[in-house]
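Visitor: Have a look at this fold, sequence not included:
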């Protein structure tokens with residue numbers, strides 16, 4: 001009997017141990033099984049348009065796609081406001097990067113203007129702090145376009161005033177510019193003046209300002225003279241012998257070209273560290289053979305900006321910030337191989353043997369209605385050093401709101417390759433924090449055009 005009870009006892013113990021182990025295993029499995037998380041709202045883009053933007057006559061939109069061209073959302077934006085783009089995180093599982101497009105529409109009496117700017121490869125969660133929805137081209141390029149628009153006459157219009165400047169004993173003058181560190185260019189001319197005494201009439205000169213008068217003569221000399229308006233007269237009388245030669249002149253031999261444009265600038269002096277002068281300007285549409293850029297000593301730092309459109313249909317840009325003179329020579333890059341594989345805006349691709357750090361491409365269209373109303377559409381797309389991009393279509397509501405937005409007739413215009421300068425990552429950082437923008441010491445780039453049929 002004792003043996004029987006002992007067997008029953010051990011059997012019960014084993015059963016209890018087995019049950020305990022199974023329970024522990026079941027509890028362990030239950031603990032290890034993940035509990036599904038609730039979907040969460042994810043902010044994938046914050047976009048701010050700062051208060052000094054003029055939205056009284058211009059309407060702005062922000063359109064967001066993912067890297068595959070799928071539309072995520074779009075909204076209009078007003079001055080001094082912030083947009084937040086968000087979605088349930090499960091709806092963003094296929095979104096690795098954002099493609100953000102800004103649209104600005106301006107309607108005038110006889111003109112409809114539509115400008116679109118797209119930035120690719122933007123990370124989710126990006127905070128955009130924009131002074132304008134479209135980060136426009138540089139002042140240098142804008143100024144060149146101003147000069148080019150007046151190419152037929154070489155005459156520019158400036159603010160009228162009651163002063164005059166007379167220069168005696170002058171040789172044949174090819175160009176001149178009067179510059180104010182307060183207001184910029186006061187007057188300039190790129191027509192030949194063949195008078196021993198010439199005058200500039202009805203210009204605005206203010207007392208207390210030190211003006212810079214730059215002259216290029218027919219003997220290929222660059223001269224300059226600083227002057228101030230006298231306290232007892234609105235008129236300035238100068239003799240050409242008062243003008244000095246530039247301390248440094250940067251000469252560059254030029255290949256065959258359609259035009260050449262350059263400027264030099266001086267920044268800061270021991271007396272006034274914040275002052276800035278455009279110290280020389282060169283503009284020539286007559287296939288010049290040599291470029292001459294002048295520099296005046298005595299400034300804390302300098303800059304050079306140079307552009308040339310070559311006959312084999314490309315533009316070379318170069319700019320450099322200097323902390324001492326003389327400047328280094330400019331070496332114009334030759335045209336690289338450049339082939340368009342697909343020129344469609346939404347799926348664009350090219351190849352080139354150029355080593356570039358970022359790029360942008362432009363498409364344009366322009367129509368004229370029977371009522372002589374002009375409509376222009378420009379779409380510029382910024383990218384990294386990739387040779388292709390994918391951009392989604394605009395939402396139907398936007399196309400309906402702006403019937404003059406002519407996307408069907410957009411034609412590929414050009415591609416801008418950045419060789420040296422700001423990387424695409426730096427560009428995106430500047431979009432996020434424009435007040436912390438830094439300027440590279442050297443900027444070098446090429447603008448390439450499609451082959452003409």
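Guide: Cool, got the structure. What you see is a predicted model; the values in this text were computed from it and never measured.
Visitor: what's the span of stretch 285-293, first residue to last?
Guide: Taking CA to CA, to the nearest Å, stretch 285-293 runs 16 Å from one end to the other.
Visitor: mean confidence for it?
Guide: Throughout stretch 285-293, pLDDT has a mean value of 92.
Visitor: quick one: buried residues of it?
Guide: Across stretch 285-293, burial judged by 16 or more other CB atoms under 10 Å covers 285, 288, 291-293. C-beta coordinates here come from the backbone N, C-alpha and C atoms, glycine included.
Visitor: So which of those belong to helices?
Guide: Judged by DSSP state H, helices contain none of the buried residues of stretch 285-293.
Visitor: Tell me where the stretch 101-250 of the chain is predicted with low confidence.
Guide: Low-confidence segments of the stretch 101-250 of the chain, defined by pLDDT under 70: 131-160.
Visitor: all helices of it, in order?
Guide: Assignment of helices within the stretch 101-250 of the chain using DSSP state H, counting those that start in this stretch yields the ranges 139-149.
Visitor: And the strands in it?
Guide: 111-123, 126-130, 160-168, 173-180, 184-189, 198-203, 211-217, 222-227, 235-239, 244-245, 248-253 (DSSP state E, counting those that start in this stretch).
Visitor: could I get the buried residues of stretch 285-293 as TSV with distance to residue 328?
Guide: Below are the buried residues of stretch 285-293 laid out as TSV (distance: CB to CB, whole Å):
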residue	distance to residue 328
285	27
288	21
291	14
292	15
293	12
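Visitor: Tell me which helix or strand the closest residue to residue 260 other than its chain neighbours sits in.
Guide: Spatially, and ignoring its direct neighbours in sequence, residue 260 is nearest to residue 308 (4.6 Å; CB to CB, 6 or more residues apart in numbering). Per DSSP states H and E: residue 308 is located in strand 301-310.
Visitor: Quick one: name whatever helix or strand follows that strand.
Guide: strand 314-322.
Visitor: tell me the angle that next one makes with strand 248-253.
Guide: Angle, strand 314-322 to strand 248-253, by axes from the mean of the first three to the mean of the last three CA atoms, to 10 degrees: 160 degrees.
Visitor: Name every strand pairing with the helix or strand just after strand 314-322 and say which way it goes.
Guide: Downstream of strand 314-322, the first helix or strand assigned by DSSP H and E is strand 338-343. Strand pairing for strand 338-343, determined by DSSP bridges: strand 347-352 (antiparallel).
Visitor: contacting residues around residue 65?
Guide: Contact analysis of residue 65 by CB atoms under 8 Å, 6 or more residues apart in numbering lists 71-72, 98-99, 101, 391-392.
Visitor: quick one: residue 305 from residue 282, how far?
Guide: 10 Å (CB to CB, to the nearest Å).
Visitor: got it, and residue 359?
Guide: Relative to residue 282, and taking CB to CB, residue 359 is found at 28 Å.
Visitor: Give me the more crowded residue out of the two.
Guide: residue 359 (24 against 19; other CB atoms under 10 Å).
Visitor: so the more buried one touches residue 423, yeah?
Guide: No - counting by CB atoms under 8 Å, residue 359 does not reach residue 423; the two are 11.6 Å apart.
Visitor: buried stuff in stretch 85-104?
Guide: Under 16+ other CB under 10 Å, the buried positions of stretch 85-104 are 85, 92, 95, 98-104.
Visitor: cool, stretch 312-329 as well?
Guide: In stretch 312-329, counting by 16+ other CB under 10 Å, buried: 314-320, 322, 327.
Visitor: how long is it end to end?
Guide: End-to-end for stretch 312-329, by CA to CA: 23 Å.
Visitor: for stretch 330-345, same thing?
Guide: End to end - CA to CA - stretch 330-345 spans 34 Å.
Visitor: Give me the residues contacting that stretch.
Guide: Contacts for stretch 330-345 (CB under 8 Å, 6+ apart): 250, 252, 254-255, 291, 304, 306, 308, 310, 312-314, 316, 318, 348-354, 363, 379, 381, 388, 391, 410, 412, 415, 417, 419, 444, 446, 448, 450.
Visitor: Only whichever of those residues are buried, select them in PyMOL.
Guide: To isolate the buried ones among those in PyMOL, judged by 16+ other CB under 10 Å, type:
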select buried, resi 250+252+254+291+304+306+308+310+314+316+318+348+350+352+363+379+381+391+410+412+415+417+419+444+446+448+450
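Visitor: coming back round to it: for the buried residues of stretch 85-104, name the two members farthest from one another.
Guide: 92 and 104 (27.3 Å; CB to CB).
Visitor: Please enumerate the helices of the stretch 351-453 of the chain.
Guide: 396-401, 424-432.
Visitor: Output the contacting helices and strands for the last one.
Guide: When contacts are defined as 3 or more CB pairs under 8 Å, 6 or more residues apart in numbering; DSSP states H and E, helix 424-432 sits against strand 111-123, strand 126-130, strand 374-383.
Visitor: List just the one of those strands that sits closest to residue 271.
Guide: Nearest of the helices and strands packed on helix 424-432 (CB to CB): strand 126-130, 35.7 Å.
Visitor: next one: that closest one to chain centre, how far?
Guide: 16 Å (CA atoms, centre = their mean, to the nearest Å).
Visitor: Check the gap between the nearest residue to residue 438 once chain neighbours are set aside and residue 361 for me.
Guide: Among residues not flanking residue 438 along the chain, residue 426 sits closest, at 7.6 Å (CB to CB, 6+ apart). Computed as CB to CB, the residue 426 to residue 361 distance reads 19 Å.
Visitor: cool, and residue 222?
Guide: 37 Å.
Visitor: now the end-to-end length of stretch 61-71.
Guide: Stretch 61-71 end-to-end distance (CA to CA) = 14 Å.
Visitor: ugh, wrong one, stretch 382-400
Guide: End-to-end distance of stretch 382-400 (CA to CA): 26 Å.
Visitor: before we move on, the earlier item: so what's the residue count around the residue nearest to residue 438?
Guide: With other CB under 10 Å as criterion, residue 426 counts 15.
Visitor: and if you look at residue 217?
Guide: That count, for residue 217 with other CB under 10 Å as the rule, works out to 18.
Visitor: Who are the contact partners of the closest residue in space to it that isn't next to it in sequence?
Guide: Nearest residue to residue 217 in three dimensions, chain neighbours excluded: residue 171, at 4.8 Å (CB to CB, 6+ apart). Contacts for residue 171 (CB under 8 Å, 6+ apart) come out as 217-219, 240.
Visitor: again with residue 361
Guide: Residue 361 touches 348, 380-381, 383, 412-416, counting by CB under 8 Å, 6+ apart.
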